[in-house]
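[1] Have a look at this prediction, sequence included:
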2 protein chains.
Amino acid sequence: MRAEILTIGDELCRGEIVDTNSSGLAARLWDLGITTRWMTSCCDDAQDITTALRQALARADVVVCSGGLGPTEDDLTVDVVSQLVGVEPVVDEPARERMAARFSNMVTPVQLRQVRVPGGARVYANPQGLAPGFEVVVGGISIFCMPGIPRELYGIFDTGLGVRLVELREAAGRVERIARQIYRVFGRGESQVSQACRGLVDHTAGASIHYQVKFPEVLVKLVVRDADQAAADARLAALDGELRTRLGESLYGTGDENLVARATRRLIASGKTLATAESCTGGMIGELVTQMPGSSRAFLGGAIVYSNAEKVRQLGVAQATLDRFGAVSEEIVREMATGARERFGTDLAVSVSGIAGPDGGTPEKPVGTVWLALADLGGVTTKKLFWPGLRDQIRTLSAWWALELVDNAL
Amino acid sequence: MRAEILTIGDELCRGEIVDTNSSGLAARLWDLGITTRWMTSCCDDAQDITTALRQALARADVVVCSGGLGPTEDDLTVDVVSQLVGVEPVVDEPARERMAARFSNMVTPVQLRQVRVPGGARVYANPQGLAPGFEVVVGGISIFCMPGIPRELYGIFDTGLGVRLVELREAAGRVERIARQIYRVFGRGESQVSQACRGLVDHTAGASIHYQVKFPEVLVKLVVRDADQAAADARLAALDGELRTRLGESLYGTGDENLVARATRRLIASGKTLATAESCTGGMIGELVTQMPGSSRAFLGGAIVYSNAEKVRQLGVAQATLDRFGAVSEEIVREMATGARERFGTDLAVSVSGIAGPDGGTPEKPVGTVWLALADLGGVTTKKLFWPGLRDQIRTLSAWWALELVDNAL
């Protein structure tokens, strides 16, 4: 079953607000086994709305609209849809009664505009606001209209309209079940990952593979569709092992939890404590760890040592080591991590020192050179990165690698 | 001049990511005097992309596309557009050279896909990534294509493509000049700001005012359109003083520079040095300051003191003060800032301690209670915030307020 989503509003076309309704509706439809093929936004213009609806009716099995159901003259959806169906707008009595109760019976004609629906439409109550949702059928295809305010939209969807969509999907006999899994990869680029996965799903019916870059990680999404859920699940399971083999060590997890959340969650659960010693990341590792509520149970604090003098003062790094190897070196991150672990008295300490650019690079240590170290009871592990990207990318990648070291040490 | 925006990607249609590119492009086009009439999103499907492009060509004066320019087989934009124009895709030599330089000449055929453009296309260099933007003309109408990664998209737009759009607009004979100014407001919400500005532009021809929330700041955009640039500029200038009066102290600047960049730039220019002492922000202030290249000249380092013991050890906060007033108190942030200034030996030190939630609130100190202090040669300034929002909002707002204190102290 293919859907088209239509969002209506001048403020969308001027770019004043981001259209989160389209993605929110698409995700809900996807969960119901309905595929969104098109998403269209247009202005508060009767002709444009009509054009968009006609076009959607010509290529989709169901049309889901948001916006244009307010009280002002800009709000045209009820009138346009009524005209398309060939009916007059009527006041929806239950919605009018709720409005009257809310406004102590002082309902103005302008406000009444908001509780109109096309005559004969199926109405969906709005548990969060005034304007009801409704459904009309044109040429056998349902058009659903809801207000653009997200909480009203989702309120209507979740309390009735979604159920109706499932009915329609089943009536259409296109009962397509979906099995899916998200694989999270860190340390390899999208092109390497897609190359590793090439051909994986070629001989599996209904299977597809998708990639999404969420710098610095790459998400691999494996999807199998079938009329039967168990069959879809089984074919997904059959692909799982091979995909894991191909992704190798760069696969760090599955599902919705990213590396930062995973490392922090596991750290808290372990009962161990952590300190950070940051140079080029400037506090980013601490900031990432403390995004999670409850991180104070594991994260005691950190030293941001942007200057060399602070590396000496706060962490006890030896001036002689700085002089001999430079601030961006294996020896320095080793002393930073060891020093942080001792001074903060933590189980783990992670350190980073690198050249984030755009200036400061040399032929021996170009921009993008980063050293990391993790100190724990067992000793110190170090890692060198070289990723000649932009300043913020180098910093983000470094902070994520620091958390990868923490995650590995747990 | 009417534009259609087309965003391409399966992840959009599955609702996995919110399409921020459409609104970002629509806002930029609007700023250039180009009205977006339609925004369409479709899947990574050659037939659907072709249909969407044909439809856009039939109703718009210019078509702006994002997405589908990656290295994988999902990425179809170059091939689809080439076929539409009737040419073959070719490798863009400058983009290939940049790619080769970045990957030390180890470029795979898969990666080469990313630097292809339709033969004969006008190419727009990508200052932020690998895939170049390009322009083809079909039936007299330009189609612009850019990668879907926002910073690459805006990088290409802002360094060349936008200028070309202005050329096209002027060539179309619709010479509408625009005078505009962005006013940046911090410390007031959108509804307060819009109320303060109510009616400002009502009696000025061609003037309009728009609001954009970029948490934690609000941007107010004042625009005046006229056939004559000088007339537009004059009417904008006439409104400027009144708008500044209405925004009052919450107006901190104009143009593209946000509060973080402004404070850091001014700090570096002042020749003064800064240290940070962070509790609930966990390193965010340091991270924000070090986003700017050259910040090492001013920012020596910071202490992330998530635990009370670390507040004592790293900053010399008195245990008696902690016992008496608690960690989130004016007294503690005062001692944190003073201690940081002394120990780091800096001109300025800024400190923050607060309850970011969701747990940890009490009736006396509910979630959202934050204390800040700034120490300099003249003494210590403190500030209390109360903003009962989400954890990440409270942290971000706190870090911005810390930089506001730094900015004020300069």
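    Now that the structure is in, tell me what you want to look at.
[2] Can you show me the helices along the stretch 51-200 of chain A?
    For the stretch 51-200 of chain A, applying DSSP state H, counting those that start in this stretch gives helices covering A:77-85, A:93-102, A:109-112, A:150-156, A:162-171, A:190-196.
[3] right, and the ones you listed - which one's nearest chain B?
    Among the helices of the stretch 51-200 of chain A, helix A:190-196 comes nearest to chain B, with 4.1 Å by CB to the nearest CB. For every residue, glycine as well, the C-beta is placed using N, CA and C.
[4] which residues sit against that closest one?
    If you take CB atoms under 8 Å, 6 or more residues apart in numbering or on different chains as the criterion, helix A:190-196 is touched by A:185, A:188, A:211, A:213, A:218, A:220, A:246-248, A:250, B:70-73, B:108, B:110-111, B:114.
[5] What's the mean pLDDT across that helix?
    On average, the pLDDT along helix A:190-196 is 89.
[6] ok, the next helix or strand after that helix: who's next to it in the sheet?
    Going down the chain from helix A:190-196, the next helix or strand is strand A:207-214, by DSSP states H and E. Strand A:207-214 has its sheet partners listed here by DSSP bridges as strand A:217-226 (antiparallel).
[7] domains for chain A, by residue range?
    Domain assignment for chain A, taken from automatic domain parsing, gives A:2-171, A:177-254, A:259-409.
[8] Could you check how far the shortest one is from the centre of its chain?
    Remark: domain A:177-254 is offset 18 Å from the chain centroid, using CA atoms, centre = their mean, to the nearest Å.
[9] do the last one as well
    If you compare the mean C-alpha spot of domain A:259-409 with that of the full chain, they lie 27 Å apart, counting by CA atoms, centre = their mean.
[10] quick one: contacts for the residue lying closest to A:Asp347 once chain neighbours are set aside?
    Closest residue to A:Asp347 apart from its sequence neighbours, by CB to CB, 6 or more residues apart in numbering or on different chains: A:Lys272 at 3.9 Å. Listed by CB under 8 Å, 6+ apart, the contact set of A:Lys272 reads A:Ala298, A:Thr346, A:Asp347, A:Leu348, A:Leu410.
[11] For PyMOL, what selects the buried ones among those?
    The following PyMOL line selects those of the contacts of A:Lys272 that are buried, judged by 16 or more other CB atoms under 10 Å in any protein chain shown:
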select buried, chain A and resi 298+346+347+348
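[12] Of the contacts of A:Lys272, which pair is most distant in space?
    A:Thr346 and A:Leu410 (13.2 Å; CB to CB).
[13] wait, isn't A:Ser296 in contact with B:Asn308?
    No: A:Ser296 is not in contact with B:Asn308 according to CB atoms under 8 Å; the separation is 9.9 Å.
[14] Neighbour count for the two, which is higher?
    Using other CB atoms under 10 Å in any protein chain shown, the more surrounded residue of A:Ser296 and B:Asn308 is A:Ser296, with 21 against 18.
[15] I'd like to know which elements the helix or strand of chain A with the lowest mean pLDDT is packed against.
    When each helix and strand of chain A is scored by mean pLDDT, DSSP states H and E, helix A:109-112 comes last, with a mean of 81. For helix A:109-112, the elements it packs on are helix A:93-102, judged by 3 or more CB pairs under 8 Å, 6 or more residues apart in numbering or on different chains; DSSP states H and E.
[16] Need the residues that contact the helix it packs on.
    Under CB under 8 Å, 6+ apart, the answer for helix A:93-102 is A:Val107, A:Gln111, A:Leu112, A:Gln114, A:Val115, A:Val117, A:Val123, A:Ala125, A:Asn126, A:Leu130, A:Ala131, A:Pro132.
[17] in the least confident helix or strand of chain A, what's buried?
    A:Gln111.
[18] before we move on, what SS does the residue nearest to A:Asp347 have?
    coil (DSSP: H, G, I helix; E, B strand; the rest coil).
[19] Quick check: pLDDT value at it.
    98.
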